[in-house]
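*Asks:* what follows is a protein structure lacking sequence information:
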Ligand code: NAD
């Protein structure tokens, strides 16, 4: 079965829109996402536009703050601080990568953890490790929503292999899979016999940034394969999985495009609504 994240995203966003329509009817304050874009990187601009469109479609308010590439760190952090203090703003996202010369770690640290809807502040990353309440990063959260849609909510007895150990994807996905009772192995660029390890997986998550690297030699027949990779090759988007090779033997597989990507934006909207709810409760 090919599982389209794009279809699941439409379904979940429809449910979110109903919630927001009710808020509009009642005249309540609406959730608001503030996106900070620094510089003119075309890929970042297009990501920011798609986030703004997604907010617009379901009725989440959106502020896009576009700052020049030559802004200094102190100025950038001042802007972030102003958004932290703005009572109308529920979620803040700093679009990465930042232009050269700016300190990404410090910028992420400047976001108030209760508005960190990307889940990249150390307080939220720590909350995930320690099983406390916090924002879960959007792409890993999207991967888990896809597994749930495939009927895989409790992963007791299942072997999961995560390819990649980044802070953005691999690490949090591994933790989330473990929370769902999977037995998790993480492999990375220095792992020996990677294909043999991957072949033991009931659930294989590819997040390595290597176009079409994962062939059927990495996949156990009947495995669930989630392709997180987004790689631009000759102007086309390619996943980390060689789809034509793996699809015939996988029980479930996500395509690229229309797979995990749309779920990332969808989970950003979900986190923004979650932030709004917490702010309303704590008013
Ligand atoms: P990254 O470059 O930070 O990390 C890549 C990881 O893969 C590293 O841990 C590295 O050790 C590992 N790796 C590299 N080669 C490997 C190999 N041959 N075998 C096993 N592991 C290997 O990348 P990232 O930010 O984690 O992103 C991974 C991919 O996911 C990229 O293609 C990125 O564009 C994509 N991505 C997609 C979304 C989405 O919304 N779908 C979001 C974030 C990232």
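*Replies:* Right, received. Where do you want to start? What you see is a predicted model, and the numbers here were worked out from it, not measured in a lab.

*Asks:* got a list of contacts for stretch 57-68?
*Replies:* 13, 16-17, 20-21, 23-24, 30-39, 48, 51-52, 55-56, 75-76, 79, 83, 88-89, 269, 272-273 (CB atoms under 8 Å, 6 or more residues apart in numbering). Backbone N, C-alpha and C define where each C-beta goes, glycine included.

*Asks:* in that stretch, what counts as buried?
*Replies:* 58, 59, 60, 61, 62, 63, 64, 65, 67 (16 or more other CB atoms under 10 Å).

*Asks:* what about the fifth one, which helix or strand?
*Replies:* Using DSSP states H and E, the element containing residue 62 is strand 61-67.

*Asks:* so which of the contacts of stretch 57-68 are in helices?
*Replies:* 13, 16-17, 20-21, 23-24, 48, 51-52, 55-56, 75-76, 79, 83, 269, 272-273 (DSSP state H).

*Asks:* is residue 43 in a helix, a strand, or coil?
*Replies:* Three-state assignment for residue 43 (DSSP: H, G, I helix; E, B strand; the rest coil): helix.

*Asks:* drop anything exposed from the ones in helices among the contacts of stretch 57-68.
*Replies:* In those, the ones that pass as buried (16+ other CB under 10 Å) are 13, 16, 20, 23, 48, 51-52, 55, 76, 79, 83, 269, 272-273.

*Asks:* and those residues, which is closest to residue 100?
*Replies:* residue 76 (13.3 Å; CB to CB).

*Asks:* now do the contacts for the closest one.
*Replies:* Counted by CB under 8 Å, 6+ apart, residue 76 has contacts 36, 38, 67, 98, 102, 107, 110.

*Asks:* residue 180 - how many residues pack around it?
*Replies:* 18 (other CB atoms under 10 Å).

*Asks:* just residue 210 next, same as before
*Replies:* 16.
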